[in-house]
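> pasting the sequence and the predicted coordinates here, then a few questions.
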Amino acid sequence: MFHEFTHAVAPFMWAGMGILWVIMHHRQKMARIAAERGYDPRLRGHHIAEMEAMAASHAREQGCDHAREVAELKERIRVLERIATDEARQTPARQLAAQIDALKD
């Protein structure tokens, strides 16, 4: 009985493998064509140059924010150094703490 079943199913298995081969071959061909034209299939249809431009724009925006934050931090450090090293303004610890708290705002 099993022997007759395998003879009945074998043609469908071969046909399924053939269809699978055609599908995989087509996908490889389309991926190769997309790569030649500058598309990456992992990007879901977006052009690589488009994605690079978006990444560069985002990096510039982040760079501006980063530069602004660094400038603010440097200014705060300068003020703290001036407060800590100014010999004429040697104040009690409470006044120094108040000055540092005022800088936090």
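On my side now, so go ahead. Numbers count the residues shown, from 1 in each chain.

> quick check: buried residues in the longest helix seen in the chain?
Taking DSSP state H as the assignment, the helix of the chain that covers the most residues is helix 48-85. Within helix 48-85, the residues that count as buried by 16 or more other Cβ atoms under 10 Å are Ile83. C-beta here means a position set from N, CA and C on the backbone, and glycine is covered the same way.

> tell me which other helices or strands that helix touches.
helix 93-104 (3 or more Cβ pairs under 8 Å, 6 or more residues apart in numbering; DSSP states H and E).

> now do the helix it packs on against helix 48-85, angle only.
Here helix 93-104 runs at an angle of 160 degrees relative to helix 48-85 (axes from the mean of the first three to the mean of the last three Cα atoms, to 10 degrees).

> can you name every helix or strand that the helix or strand of the chain with the lowest mean pLDDT contacts?
Sorting the helices and strands of the chain by mean pLDDT, DSSP states H and E puts helix 93-104 at the bottom, at a mean of 76. Using 3+ Cβ pairs under 8 Å, 6+ apart as the contact test, the elements touching helix 93-104 are helix 48-85.

> the helix it packs on - what's its average pLDDT?
Computed over helix 48-85, the mean pLDDT rounds to 79.

> distance from the chain centre to stretch 50-61, please.
Remark: stretch 50-61 is offset 11 Å from the chain centroid, using Cα atoms, centre = their mean, to the nearest Å.

> please export the C-alpha coordinates of that stretch as CSV.
The C-alpha trace of stretch 50-61 is given here as CSV (Å, rounded to 0.1, in the frame of the first residue of the first chain):
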residue,chain,number,x,y,z
GLU,A,50,18.3,58.0,-1.4
MET,A,51,19.0,56.2,1.9
GLU,A,52,22.6,57.5,2.0
ALA,A,53,21.3,61.1,1.6
MET,A,54,18.8,60.5,4.4
ALA,A,55,21.5,59.1,6.6
ALA,A,56,23.9,62.0,5.8
SER,A,57,21.1,64.6,6.6
HIS,A,58,20.3,62.8,9.9
ALA,A,59,24.1,62.8,10.8
ARG,A,60,24.3,66.6,10.0
GLU,A,61,21.3,67.2,12.3
